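In: okay, predicted coordinates and the sequence, questions at the end:
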Amino acid sequence: MSLLHLLTELKQAQWVNLSHRIDADIPMFSAFEAPSVETLFTVQEHGFYARRFAFATQTGTHIDAPGHFVAGSGMLESLDLKDLLLPLYVINREAAVQANADYELSVADIDAFEQEHGRIPAGSFVAFASGWSRRWPDKAAFANADEHGHAHVPGWSLDALKFLFEQRQIKAVGHETLDTDSAVAFRHNNALIGEYYVLEHGFQVEVLNKLYELPATGALISIAFPDFKDAPGFPVRAIAIVPQP
């Protein structure tokens with residue numbers, strides 16, 4: 001089969017934008033300044049239009065390189081280009097998260113997923129569909145803080161991450177929230193232990209959108225970002241390519 005034929009097949013699939021649009025009012029890590037934009041030149045005055053955008057590397061839907069957390073590890077330029085197009089497996093626990101905002105995706109969830117859909121193959125991208133992206137761009141809803149100011153946000157359990165990377169040899173994980181770990185786990189550990197583990201073993205894409213629209217299996221995920229030197233992360237255009245039913 002030629003590459004042109006493969007492209008024709010892909011174009012016949014459904015393409016789903018998994019990235020949120022970035023502006024100055026989006027939910028983000030509180031230590032970062034909001035994104036900003038400056039117009040440098042206009043068509044009317046200069047004959048061409050150019051703008052300067054300023055933002056932290058972990059803004060909006062973004063990829064985290066190992067070096068984001070793990071000292072001495074690779075930045076984005078170290079990732080294999082072939083790992084930016086991967087088979088996508090989506091574990092949907094939106095109903096559980098609606099019942100418990102502190103929900104952590106568990107090994108039992110993965111076992112149940114595999115009993116229904118088959119074993120997750122090595123080299124996959126596994127996403128946790130929590131439905132949290134439905135709250136975007138409401139900052140208060142995204143943080144989901146209680147009367148004491150404590151956030152209640154779902155995340156991956158460390159055991160689930162270890163199972164996926166060590167027993168299934170996956171390449172990466174993704175989720176709809178700002179962090180890998182649940183907010184409760186972060187408060188308990190005073191650290192993002194799950195995120196550190198992921199970046200020791202692979203990479204991740206955070207703040208994904210519309211995972212709840214995707215099938216559990218059969219899709220591909222494409223991840224695109226510019227080639228900056230020494231970038232520990234960057235906003236991405238993430239696209240799910242989904243076979244037509």
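Out: Cool, got the structure.

In: where is the longest strand in this structure?
Out: With secondary structure taken from DSSP state E, the chain has its longest strand at strand 85-92.

In: contacts for that one next, please.
Out: With Cβ atoms under 8 Å, 6 or more residues apart in numbering as the test, strand 85-92 has contacts from 105, 109-110, 113, 117, 120-121, 123-129, 171-172, 211-212, 214-217, 219-223, 240. The way it works is simple: take the backbone N, C-alpha and C, and place the C-beta from them, glycine included.

In: same thing but 7 Å
Out: 105, 109-110, 113, 120-121, 123-129, 171-172, 211-212, 214-217, 219-222, 240 (Cβ atoms under 7 Å, 6 or more residues apart in numbering).

In: where does the residue of the chain positioned farthest from its centre land in three-state SS?
Out: Most distant from the centre of the chain: residue 45, at 39.8 Å, with distances by Cα atoms, centre = their mean. Three-state call for residue 45 (DSSP: H, G, I helix; E, B strand; the rest coil): helix.

In: please report how far it lies from residue 76.
Out: 36 Å (Cβ to Cβ, to the nearest Å).

In: swap in residue 65?
Out: Residue 65 is 5 Å from residue 76, by Cβ to Cβ.

In: give the residues shared as contacts by the two.
Out: residue 231.

In: quote the end-to-end distance of stretch 56-73.
Out: 19 Å (Cα to Cα, to the nearest Å).

In: what of stretch 163-178?
Out: 22 Å.

In: give the rounded mean pLDDT of that stretch.
Out: Per-residue pLDDT over stretch 163-178 has a mean of 99.

In: ok, stretch 182-198 next?
Out: pLDDT averaged over stretch 182-198 gives 98.

In: which stretches of the protein form strands?
Out: Using DSSP E, strands in the chain cover 14-17, 36-41, 50-54, 62-64, 85-92, 104-105, 125-129, 155-156, 172-175, 203-206, 219-224, 233-235, 237-242.

In: highest mean neighbour count out of these?
Out: Among the strands of the chain, the stretch with the highest mean neighbour count (mean count of other Cβ atoms under 10 Å) is strand 155-156, at a mean of 28.

In: what about it, distance to the chain center?
Out: 12 Å (Cα atoms, centre = their mean, to the nearest Å).

In: same check on stretch 105-122?
Out: Distance, centroid of stretch 105-122 to centroid of chain: 19 Å (Cα atoms, centre = their mean).

In: cool, and stretch 200-215?
Out: 3 Å.

In: and it, which residues are buried?
Out: 201-211, 214-215 (16 or more other Cβ atoms under 10 Å).

In: I'd like the residues you listed as CSV, with pLDDT appended.
Out: CSV is the format used below for those (pLDDT from 0 to 100):
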residue, pLDDT
201, 99
202, 99
203, 99
204, 99
205, 99
206, 99
207, 99
208, 99
209, 99
210, 98
211, 99
214, 99
215, 99
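
In: closest to residue 94 out of these?
Out: When the buried residues of stretch 200-215 are compared for distance to residue 94 (Cβ to Cβ), residue 211 wins out at 8.8 Å.

In: wait, that closest one touches residue 131, no?
Out: No. With contacts counted by Cβ atoms under 7 Å, residue 211 stays clear of residue 131, the gap being 8.1 Å.

In: identify the contacts common to those two.
Out: If you check residue 211 and residue 131 against Cβ under 7 Å, 6+ apart, no residue is contacted by both.

In: neighbours of residue 217, how many?
Out: Neighbouring residues of residue 217 were enumerated by other Cβ atoms under 10 Å; the total is 17.

In: ok, now residue 158?
Out: Residue 158 has 18 nearby residues by other Cβ under 10 Å.
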